[in-house]
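> give me the fold of what follows.
(4 chains)
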Amino acid sequence: MSQVLPREILICTIARLLEGVRHVAVGASSPMPAAGAMLLRAMKEQVGAAPIRISILGSVEHNFFTNGSTELFDCAGQGRIDAFFLGGGQIDGQANVNLVGVGDYPQSIVRWPGSFGAAYLYFVVPRVILFREEHSPRVFVEKVDFISAPGTSDPGIHRTGGPYALLTSKGLFQFDKTRPGFTLESVHPGHDLDEIRAATGFDFLHDAAPPVTATPDNAMLALLRGRVLDELEETYPAFAAEMRRDGAALPVL
Amino acid sequence: MSQVLPREILICTIARLLEGVRHVAVGASSPMPAAGAMLLRAMKEQVGAAPIRISILGSVEHNFFTNGSTELFDCAGQGRIDAFFLGGGQIDGQANVNLVGVGDYPQSIVRWPGSFGAAYLYFVVPRVILFREEHSPRVFVEKVDFISAPGTSDPGIHRTGGPYALLTSKGLFQFDKTRPGFTLESVHPGHDLDEIRAATGFDFLHDAAPPVTATPDNAMLALLRGRVLDELEETYPAFAAEMRRDGAALPVL
Amino acid sequence: MLSNPRALAGAITSGMRVALPVDYAGVSMAMTRPMIDHGAGDLDLVCVPTGGLQVDQLIGAGLVRSVETSAMSLGEAGGAPHFNHAVKEGAILVKGATCPAIHAGLMAAQKGSPFVPMRGLIGTDVLHHRADWRIIDNPFADGGDPIVLIPAIKPDVAIFHAAMADKHGNVWIGRRRELAAMAYASTTTLVTVERIVEGSLLADEMTAAGTLPALYVTAIALAPKGAWPYGLWGEYAPDTPELLLYGKAARTAEGFADYMATQQAETVK
Amino acid sequence: MLSNPRALAGAITSGMRVALPVDYAGVSMAMTRPMIDHGAGDLDLVCVPTGGLQVDQLIGAGLVRSVETSAMSLGEAGGAPHFNHAVKEGAILVKGATCPAIHAGLMAAQKGSPFVPMRGLIGTDVLHHRADWRIIDNPFADGGDPIVLIPAIKPDVAIFHAAMADKHGNVWIGRRRELAAMAYASTTTLVTVERIVEGSLLADEMTAAGTLPALYVTAIALAPKGAWPYGLWGEYAPDTPELLLYGKAARTAEGFADYMATQQAETVK
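The predicted model follows:
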């Protein structure tokens, strides 16, 4: 059995988080979410299960929309998008997401691009996966400086979507909206609970000895390294090449 | 000089009523409004004036819309349609229009097709020309049985459009929204005030001896009988043929 | 995803809200007979934005509970006989509308919004008879300025006919974008087409511009001349003599039964 | 109706509200330099729905009073340096939005409505900083159910780049229908195109499906490669090295001046 790259574990985890979706939308510059979605699609196809639709925003190749840039939001509002990914310059323990900046708005000290569609999509996409590789106290803060999209809403607020999980380079968290707060579900190979606690600016629940994130079996890995990287290459050529290079450098056990 | 057909007078009157518009929309089965608009367009072109745009609904040939059947209404709401024509099973002295039926709604005694877009367009098209050839007390009533579109609105109601004139086979009326009510502007050749009074179920203002509706000069008539009928033929072949046949039967003086 | 009109009709169940297009935009007449044979009734029809032959036949067959429409006619063939009769008898509920209000209701559903506002309407008997519409004062004005709110129209199924589809389920609707609006707003969408083309309609930007993506399409059936006797925008003209024939025949129950029986001979596969 | 980019820029006057498209949808970069040379300032930009290179250059040239946008970046080339600097200095007003809110505002203008409702937003700091938006309780709910209303966005002018136009003034926008939405909502629309084609784009149903009719188009100018260094959907890809070059150069006033001077040599007709 071959060794597994950290990014391969992330991609396979994303595929697992998407289990059961019919339609997933991913951002233009989100190769790992796209890879996870493509991996799940390939796995479903192998067993003859219902097909999964993947919309990659800004891609001419994987764009199923024909009504301009409003269609993604309309489609989500109609309940036709089951899963979406959000990053965030800051994410806090209530799953609030900040895409705008650090410091007092509008004259922030650090400024990120902006909220994009998050202030809407977070409310209407049932399974929003928070995905941020950098796992550090400057990203995972006690309280965000600006709420681009809130993790939870009061009961009287119409909301059909929200945070489902938080995936980082170190671990995987589930979100409990009743509490509200995150629970550490698993720690990626090579990391541990103390490290995650030190790198996380908010409190979270966890087992005394949390499990290790599952690594993919050989079949899943073969699919990812073969067909999925081929498919990925059309839209994310640089990322696919990097994955192949890193994969080739792995020692075979 | 040749004699003039009654319908030619109507078409030339329509062209005069449209003076100054940039964009006029006409219904699919409205050959005379279309002819009037085409006549004005041809006259403007002859003198090198700003062009007039004519949208004929339901026509593939004269359709400038590409956003489905909602576009006419959007376009009107944007203020891009200057003139439109409305008929009406009943029209009353307040310029209320009934396109639905006679008797108690919904189980009307007589039922017409329905309100179509009138309940909106009458509010947002600045120059709505009420056009109904049949001039009889059953059409021009004291009070309509169903208001598909009201002639006037209270001052607090947002309204940028409304009735501009009423043209029938017998005469031409202007509408005064402050009164509100109609004023007979002219009587078509071959008709008189007493006849119009008898045929009209509502009161209207008029001069003791109202003028006769202007007949077209030879240049206007030549344009109508030539180029305009040719243009009209593409969309309304039966109507154009009828006009040619009637014109050919006229004695030349 | 490729099927036939009878199988498509099988997806309709009693009590569904069904969106149907205006006569010139792509009426799936090919679905009318299969719907009647299938027999799912108590339908609430939404005409986008007006109705005609298909609606009249469905009413004649006793499948219709209510009709939301801004007009109903057979065009040159005059009034819609079964509609007019059913209204007079009180056999169906009519929700009278005006064209842009129906488009507005579909737009609200497309946007996932509970309503959209619409100018006009105030002082009309159209509004007067719509207890399901609301008036509020425009919150952006300094008091006053009443405006009507139209609630979202969310049909269970949209049914229409188009020129072509590909094997991936994409449907070319051209500039008849009300068909896309119907599909966006509806839970399921059933489409009959003149022809199935090779390749993907989304692969080329020219065809993609007029394409309703498969994402919104539940099932497609091949039905050449499937809008007949209506025309199909950009493809063929209406068959006016046939419409006149129907308009005359349908004035009596026997005439309607005879007409429909004759049609059946032609449309059964 | 056919003109050149400099003449088009002449139609812009100080204080206008200007709608500009997202980086991949057809930014008329060919208009940027003529706009700067023309010098009409105090512009209120509306990014549909996000901004980048063009907006940054207009800010750098001192022409911008405010920017309504849901995001601002140069993509792979990082943050927009002049935008970020101007925001920090308080030199421009930012009206922070979220993509569907900008589309909603344009849709309200397209429909001639004063506002449209939009789900989401409640509890965000985006909403908190928009005093021009309103919250009402959904009149169709049984009390409660707050919903945000977005007022109509009515730009004075929309400016974009497209693949082709015909001599009648019709513009082919393909499936980038946000360009049509911008034009519907705006008083005037200025368009640069890659090429002018013979005949009418409306004469054929295939091209008509992707065409913005001349009715909404004020003037058109030929500008081959007019989106460069951005790409044009379905035509050519973005020139990422050039974007990186700008991103680096524009960090200093001198770098920006040098960069713009070099561009001028290339774009002056």
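> what are the phi and psi angles of C:Asn138?
Dihedral pair for C:Asn138: phi -50, psi 110, per degrees, to the nearest 10.
> separation between the nearest residue to it once chain neighbours are set aside and B:Thr178?
Leaving aside its chain neighbours, C:Asn138 sits nearest to C:Asp145 (4.0 Å; criterion: C-beta to C-beta, 6 or more residues apart in numbering or on different chains). Bear in mind the C-beta positions are built from the backbone N, C-alpha and C, glycine included. From C:Asp145 across to B:Thr178, the span is 21 Å (C-beta to C-beta, to the nearest Å).
> these two: which has the busier surroundings?
Just comparing C:Asp145 and B:Thr178: by other C-beta atoms under 10 Å in any protein chain shown the higher neighbour count belongs to C:Asp145, 15 against 6.
> my read: the more buried one touches B:His158, true?
Yes - counting by C-beta atoms under 8 Å, C:Asp145 does reach B:His158; the two are 6.0 Å apart.
> kindly list the longest helix within chain C.
The single longest helix within chain C, with elements called by DSSP state H, is helix C:253-267.
> buried ones in stretch C:86-101?
Buried residues in stretch C:86-101, defined by neighbour count with 16 or more other C-beta atoms under 10 Å in any protein chain shown: C:Ala86, C:Val87, C:Ile92, C:Val94, C:Lys95, C:Gly96, C:Ala97, C:Thr98, C:Cys99, C:Pro100, C:Ala101.
> quick one: pLDDT of the residue of the stretch 151-269 of chain C found nearest chain A?
When scored by C-beta to the nearest C-beta, the stretch 151-269 of chain C has C:Pro213 as its residue closest to chain A, at 4.6 Å. With respect to pLDDT, C:Pro213 scores 97.
> pretty sure it contacts A:His62?
No - with contact defined as C-beta under 8 Å, C:Pro213 does not reach A:His62; the gap is 11.9 Å.
> can you pull the residues of chain C lying near chain D?
With C-beta under 8 Å from any C-beta of the partner chain as the criterion, chain C meets chain D at residues C:104, C:107, C:111-119, C:134, C:136, C:138-141, C:145, C:147, C:149, C:151, C:172-175, C:205-211, C:233-234.
> residue contacts, the residue nearest to C:Asn138?
By C-beta atoms under 8 Å, 6 or more residues apart in numbering or on different chains, the contact list for C:Asp145 reads B:Gly156, B:His158, C:Asp137, C:Asn138, D:Pro114.
> please repeat the previous calculation with a cut-off of 10 Å.
Neighbouring residues of C:Asp145 by C-beta atoms under 10 Å, 6 or more residues apart in numbering or on different chains: B:Gly156, B:Ile157, B:His158, C:Ile136, C:Asp137, C:Asn138, C:Pro139, D:Pro114.
> now do the SS call for the closest residue to the first one other than its chain neighbours.
This means B:Gly156. Distances taken as C-beta to C-beta, 6+ apart put C:Gly144 closest to B:Gly156, at 4.8 Å, once the chain neighbours are dropped. With DSSP: H, G, I helix; E, B strand; the rest coil as the basis, C:Gly144 sits in coil.
> isn't C:Gly144 up against C:Ile122?
No - if you go by C-beta atoms under 10 Å, C:Gly144 and C:Ile122 don't touch, sitting 11.8 Å apart.
> where along the stretch 101-250 of chain C do the strands fall?
Remark: strands assigned in the stretch 101-250 of chain C by DSSP state E, counting those that start in this stretch are C:115-118, C:134-137, C:146-151, C:157-166, C:171-172, C:188-197, C:211-212, C:219-222.
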